[in-house]
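J.: Could you look at this predicted model? Sequence included:
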Amino acid sequence: MELRRSMLFIPGNSPAMLQNGGVFGADSVILDLEDAVAPTEKDSARMLVAHALQHVDYGTSETVVRINPLDTFGEQDIRAIVPCEPGALMVPKVQSAADIKKVAEWVAGAEKPGQAPVKLVALLETPQGIQEAYSIAQADSRVVALALGAEDYTASLGAQRSKEGSEIFTARSMVVNAAAAAGIQSIDTPFTDANDEEGLREDTITAKKFGFKGKLAINPRQVDIIHSIYNPSLADIDWAEQVVAALQKAEAEGSGVASLNGKMVDAPIVSRAQQILYLANLLGLRKETVE
Amino acid sequence: MKNAIGREIPELIDGFGQTVPFAGAFQTTPTMQRQAPKVKTIRPGQSKLMDSLEEVFKKIPITDGMTLSFHHHFRNGDGVVNMVLETAAKLGIKGLKIALSSVFPVHAPMIEHIKNGVVTALDTNYMSGPVAQAVSKGILEKPVILRTHGGRARAIECGQLNIDVAFIAAPAADDYGNINGVQGPAACGSLGYAFPDAEFASNVVAVTDHLVEYPLSPVSIPQTRVDYVVKVERVGDPKGIVSGTTRITKDPVGLKIADAAARVIEASGLLKDGFSFQTGAGGASLATAHFVRQMMERKNITGSFALGGITGYMVEMLEKGLFKKLMDVQGFDLDAIRSIAANPNHMEISANFYASPFNNGCAVNKLDVVILGATEIDTDFNVNVVTGSDGVIMGGSGGHADAAAGASITIVVANLLRGRLPIIVDRVLTATTPGETIDVLVTERGVAVNPRRSDLKEKLLAAGLPVKEIAELKSEAERIAGVPDSLVTGERIVAVVEYRDGTIIDVVRQLEE
């Protein structure tokens, strides 16, 4: 499964930012045609983003384009952007499985022959969208992640947005659970105060505890902090290696049950350890301990 | 003939004379004596106070062809240069050489004085704005001499830049010529760049709008070197002299570069107790200080000193105990002025002390790390900070070449693409700082290490930094932005770029119209 620890929004109307989007090391860059772009600039931003997809090297970052809502410029965006081979589209304000089905149909119609299938990330930012999270997650095989957009969501709830986020407790739980049930990723809402590094750290720790696999970022400065939370710590890696060693030892001894520090190593523990090592290997974090 | 970095330098330059080509950063040994101005005396009761600049001109007297010097601590708020040149024009004086440590947009009236023949030569370390543009187009008959901050101090001390009259813009002075930079409406902090002028000029004039009772305290430039004091209505515009507080950039690309530069410093092994550091006030340079500071706090490191132009950010580091001393040749903001006036660990140093290569030791020699900018850098690591992409003069070395030569590690931070232009080229248009004194280039798309520093390269690779060959970074930039057409310049030389030791590292040629 691809890493999406951080998904960084890049305004689709800023040539300088589009050019540099790949240098921040985000797992995904989201070239934004929606909120970052004024209605009068939609056409030029669409052309810029299409051009960027074809000519800018985004390095290891996955390219995602946030299109406009389906009832505005969504279809136009899809027709122009999909043939430029983005990794995925982010669909805003998804309300139901029907929305995703419509998008999937448009995307299929716009893809060039032989093109790698364009994935979809559904942005849930309305009470109805949250309620329908599971059916949205299952609506099409292109959907690889559900993302939570808490600003619009709390606005339609009439709830006050806060830094500690108790007002989005339910939404977070539902998105994480629906995504997990459908076997796809869940991505947390962005932390909107780009100057509050400590606040971002706290909020990312919370998201990780909920089970989110990553977080949206609205400023490049947020990427490294988000990664620092999502990356396994050296202590985590150490523990995971001990689990695997204990397992191997038990197997070698023909024992059916492994134990570590007096505790039984059961299936959930093994699975968690394997996940940590998978991530650590992917990020090259084990190099030091191996050498 | 070609100098040591392959730049074509004529043996004889019209309006300049015989040249000595740059031979390498430490290849020139001085053989001359120090300059000594005439001994003077002042009798008890004799007044130094003059009613007007005009009176000073007549008293000295200032005549055709003399060299008048000025410091640039008032930056774009300076009023003194224009005032003095206006007086010279009024008195019909011609053929003056102006030795002003840096030229700013506020000095635009100088163009008229050049056209009228009042000014015929210019000697400076940095120039931007209308005068720089006019020089690039060939307004002066004689080429401008572009020096480094340390090189100017050297030229004055070694008798290569002989100053007839030094006009010292003085934020505060008493009637006997004691001067400081920390009091009065035009307070600018350190007066470091004025010290060599005051010490070696034949005549020294304090120009102030803040005349205080004798004796002034503290004293930066003493009465023993000052001939006359003139009170004027206003020496400058405080708004152009200092900014409020210098802030860390929010530009994400600049921050990315700064973060990588800080990690280069960490990987070098120099970031430990006793660490010494210099950085500029702009963009990624100051932001590097921010990331270095976080590392110092995390590792509980106490640095020895920070050097150069001082901002409020460095003052904060001093006050938080992250550095034991600041050595300040020029203050950039109000916090720097407040601090230098009150804190004995915030030292005022002269340009000579800071960076002159020909004395018994300058402060840049004690630097662990310096962070510098660049408008262009070539694949031999030679840096241009003089001319812009259009070939027009828009800066100058200032302390660039000095600090690069002195520091154990010199790091250039720069956006790989500036606008649509790649920053790395095969050959810089104007070489200011030789590649042998540049160790690392840090960009948003990777770090390049000078092949002379394979020791450093290994450390950076071991630390997991994205080390690439400079040619690799260059082609990466060209893949994005294409290869720009090279500029076509004319034959006539409009400026001579002097290395800090007095040899000629490059020339600037007039632009084709």
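T.: Here it is on my side, so go on.
J.: and the residue lying closest to A:Ala137 once chain neighbours are set aside, how many residues sit next to it?
T.: In space, and not counting its chain neighbours, A:Ala137 is closest to A:Ala182: 3.5 Å by CB to CB, 6 or more residues apart in numbering or on different chains. Just so you know, the C-beta spots here come from the backbone N, C-alpha and C atoms, and that holds for glycine as well. The local packing of A:Ala182 (other CB atoms under 10 Å in any protein chain shown) involves 18 other residues.
J.: Over to B:Gly95?
T.: B:Gly95 has 13 nearby residues by other CB under 10 Å.
J.: Would you confirm that it contacts B:Ile62?
T.: No: applying CB atoms under 8 Å, one finds B:Gly95 not in contact with B:Ile62, separated by 11.4 Å.
J.: Looks like B:Gly274 contacts B:Phe305 (just checking).
T.: No: with contact defined as CB under 8 Å, B:Gly274 does not count as touching B:Phe305 (9.3 Å).
J.: Any residue of stretch B:446-460 touching chain A?
T.: No: using CB under 8 Å from any CB of the partner chain, stretch B:446-460 stays clear of chain A, with a minimum separation of 9.2 Å.
J.: chain center to that stretch: distance?
T.: 27 Å (CA atoms, centre = their mean, to the nearest Å).
J.: Next, the distance between the ends of that stretch.
T.: 11 Å (CA to CA, to the nearest Å).
J.: go on, stretch A:30-42?
T.: For stretch A:30-42, the end-to-end distance is 16 Å (CA to CA).
J.: contact partners of that stretch?
T.: Stretch A:30-42 is contacted from outside by A:7-14, A:18, A:21, A:45-46, A:49, A:52-53, A:63-69, A:73, A:77, A:81, A:86, A:90, A:92, A:216, using CB atoms under 8 Å, 6 or more residues apart in numbering or on different chains.
J.: Identify those among the residues you listed that sit within strands.
T.: A:7-11, A:63-66, A:90, A:216 (DSSP state E).
J.: Show me the domain layout of chain A.
T.: A:6-230, A:234-290 (automatic domain parsing).
J.: give me the number of residues near A:Gly59?
T.: So A:Gly59, with other CB under 10 Å, has 13 neighbours.
J.: what do you get for B:Ile265?
T.: With other CB under 10 Å as criterion, B:Ile265 counts 22.
J.: And A:Phe169, by the same measure?
T.: Neighbours of A:Phe169 using other CB under 10 Å come to 12.
J.: Just to be sure, it is in a helix?
T.: Yes: per DSSP: H, G, I helix; E, B strand; the rest coil, A:Phe169 lies within a helix segment.
J.: Distance-wise, check it relative to chain B.
T.: 31 Å (CB to the nearest CB, to the nearest Å).
J.: And A:Met47, by the same measure?
T.: Going from A:Met47 to chain B by CB to the nearest CB gives 18 Å.
J.: If I look at that residue, what pLDDT would I see?
T.: In this prediction, A:Met47 carries a pLDDT score of 96.
J.: what about it, how many residues close to it?
T.: Counted with other CB under 10 Å, residues neighbouring A:Met47 total 12.
J.: got it, and B:Asn82?
T.: 16.
J.: Quick check: it is in a helix.
T.: Yes: per three-state DSSP, B:Asn82 lies within a helix segment.
J.: show me what contacts B:Arg152?
T.: B:99, B:101, B:123, B:125, B:161, B:193, B:196, B:351.
J.: Give me the local confidence score for it.
T.: So B:Arg152 comes in at 98 (pLDDT).
J.: how near is it to B:Arg234?
T.: B:Arg152 is 27 Å from B:Arg234, where distance means CB to CB, to the nearest Å.
J.: so what strands line up beside the helix or strand hosting B:Leu326?
T.: Using DSSP states H and E, B:Leu326 maps to strand B:323-331. Take DSSP bridges as the rule and strand B:323-331 pairs in its sheet with strand B:303-310 (parallel), strand B:346-348 (parallel).
J.: and after it, which helix or strand comes next?
T.: Next along from strand B:323-331, by DSSP H and E: helix B:334-342.
J.: angle of that next one against strand B:303-310?
T.: 120 degrees (axes from the mean of the first three to the mean of the last three CA atoms, to 10 degrees).
J.: In terms of secondary structure, what does helix B:334-342 contact?
T.: Here helix B:334-342 touches strand B:303-310, helix B:312-319, strand B:323-331, strand B:346-348, going by 3 or more CB pairs under 8 Å, 6 or more residues apart in numbering or on different chains; DSSP states H and E.
J.: what sits up against the second one?
T.: Just to be clear, that refers to helix B:312-319. Counting by CB under 8 Å, 6+ apart, B:245-246, B:248, B:286, B:289-290, B:293, B:303, B:306, B:323-326, B:332-336, B:338-339, B:343, B:345-346 sit against helix B:312-319.
J.: now the stretch 1-150 of chain B, which segments are flagged as low pLDDT?
T.: Of all residues in the stretch 1-150 of chain B, none has pLDDT under 70.
J.: got the contact list for B:Gly406?
T.: Per CB under 8 Å, 6+ apart, neighbours of B:Gly406: B:355, B:362-367, B:370.
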